[in-house]
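[1] I'd like to go over a predicted model; first the sequence, then the structure.
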Amino acid sequence: MIEVEGLVKRYGRVSAVDGVTFTVEPGELLALLGPNGAGKSTTIRAITGLLRPTAGTVRVAGHDVLAASVAAKASLGYVPDRPYLYGKLTPRELLRFIARLHGVQDAAGRISHWLELFSLTDFGNELIEVLSHGMRQKLAFTAALLHEPQVLVVDEPMVGLDPRAARQVRQLLREYAAKGRTVLLTTHSLEVAEEVAHRVIVLDRGRILAQGDLASLRERAGVADAGLEEVFIRLLEQQEA
Ligand code: ADP
């Protein structure tokens with residue numbers, strides 16, 4: 001699971017994240033929502049150990065991401081919003097390399113399974129640089145899932161995916177959580193959050209503005225049957241009032 005406690009990140013006088021505490025349990029799929037600049041990426045980067053917080057701690061599968069970074073990273077799969085993949089490798093070469101890094105058993109079988117699932121089998125031996133954005137995004141998912149991490153963190157998963165790939169990814173995220181894994185995603189798409197997430201956290205200006213399932217957020221926003229978008233706008237208005 002993911003445990004974020006008292007997370008603060010300051011850049012000079014700007015607090016990108018200003019005291020954020022939350023937990024994502026095994027089997028849970030949590031969506032981090034919020035307007036631009038809310039602190040979503042900073043929170044994600046702190047969870048993946050890419051960023052040293054000004055204060056606070058983050059644990060992934062019980063491992064402190066800075067003090068026990070190797071164990072934390074072994075438990076984590078991360079799909080960045082703009083994945084960097086080595087363009088001069090082929091998908092199969094990249095995935096074999098990643099499988100070796102993680103000591104994955106039966107790498108060939110797993111690689112074929114994922115390539116097939118994402119309709120990438122025919123492109124397995126092409127150079128990554130010639131693949132479309134959507135194909136590269138699917139490859140990034142495969143790379144993150146190859147070692148079946150306990151915790152999956154995904155930044156803006158649907159951007160640039162065609163409807164079929166987007167549906168596959170939504171299904172994959174739900175199934176992954178259903179296996180008892182922990183899934184955290186950020187998204188601008190309220191539709192995506194509404195469809196896949198068990199719980200949402202709304203960040204605004206580095207703080208948690210609201211959290212809960214959609215029913216409790218609707219109640220808090222005072223709108224009985226509105227979609228998440230309306231709820232979100234009301235919560236931001238309430239905050240500003
Ligand atoms: P989000 O992902 O929700 O759009 P970010 O976490 O990227 O938000 O950013 C939160 C705030 O922190 C923004 O005001 C942003 O300008 C600021 N910020 C993020 N990264 C840096 C950085 N490296 N240097 C200075 N300010 C930053």
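    Okay, I see it. Numbers count the residues shown, from 1 in each chain.
[2] the helices in the protein, which residues?
    40-47, 69-74, 91-101, 107-117, 133-145, 163-178, 190-196, 214-221, 228-240 (DSSP state H).
[3] Next, the buried residues of the fifth one.
    Within helix 133-145, the residues scored as buried using 16 or more other C-beta atoms under 10 Å are 134-145. Just so you know, the C-beta spots here come from the backbone N, C-alpha and C atoms, and that holds for glycine as well.
[4] likewise the second one?
    When burial is assessed from 16+ other C-beta under 10 Å, helix 69-74 yields the following buried residues: 72-74.
[5] swap in the third one?
    For helix 91-101, a neighbour-count test (16+ other C-beta under 10 Å) marks 91-92, 94-96, 98-99 as buried.
[6] Report all helices and strands that it contacts.
    Applying 3 or more C-beta pairs under 8 Å, 6 or more residues apart in numbering; DSSP states H and E, we find helix 91-101 packed against helix 107-117, helix 133-145.
[7] export those helices to a markdown table and tack on mean pLDDT and distance to the ligand?
    What follows is the helices and strands packed on helix 91-101, written out as a markdown table (pLDDT from 0 to 100; distance: least, C-beta to the nearest ligand atom, whole Å):
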| stretch | mean pLDDT | distance to the ligand |
| --- | --- | --- |
| helix 107-117 | 92 | 28 |
| helix 133-145 | 90 | 18 |
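[8] Tabulate those in JSON lines, adding columns for distance to residue 60.
    Below are the helices and strands packed on helix 91-101 laid out as JSON lines (distance: least, C-beta to C-beta, whole Å):
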{"stretch": "helix 107-117", "distance to residue 60": "22"}
{"stretch": "helix 133-145", "distance to residue 60": "13"}
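[9] Dump the buried residues of helix 91-101 into JSON lines; add pLDDT as well.
    Putting these into JSON lines (pLDDT from 0 to 100) gives the following:
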{"residue": "91", "pLDDT": "95"}
{"residue": "92", "pLDDT": "96"}
{"residue": "94", "pLDDT": "95"}
{"residue": "95", "pLDDT": "96"}
{"residue": "96", "pLDDT": "95"}
{"residue": "98", "pLDDT": "92"}
{"residue": "99", "pLDDT": "93"}
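[10] Just give me the closest of those residues to residue 7.
    Residue 7 lies nearest to residue 98 out of the buried residues of helix 91-101, by C-beta to C-beta, at 28.2 Å.
[11] doesn't residue 140 make contact with that closest one?
    No: the pair residue 98 / residue 140 is not scored as a contact, 10.6 Å apart, by C-beta atoms under 8 Å.
[12] check contacts around residue 5.
    21, 56-59 (C-beta atoms under 8 Å, 6 or more residues apart in numbering).
[13] What distance do you get for it to the ligand?
    Per C-beta to the nearest ligand atom, to the nearest Å, residue 5 is found 18 Å from the ligand.
[14] in the sheet, who's paired with that residue?
    residue 57 (DSSP bridges).
[15] Roughly how far does it sit from residue 155?
    Distance of residue 5 to residue 155, computed by C-beta to C-beta, to the nearest Å: 21 Å.
[16] Kindly report the residues of this structure close to the ligand.
    Contacts of the chain with the ligand, taken as C-beta under 6 Å from any ligand atom, map to 11, 14, 16, 34, 36-42.
[17] Quick test: name the residue nearest the centre of the chain.
    The residue lying closest to the centre of the chain (C-alpha atoms, centre = their mean) is residue 154, at 1.9 Å.
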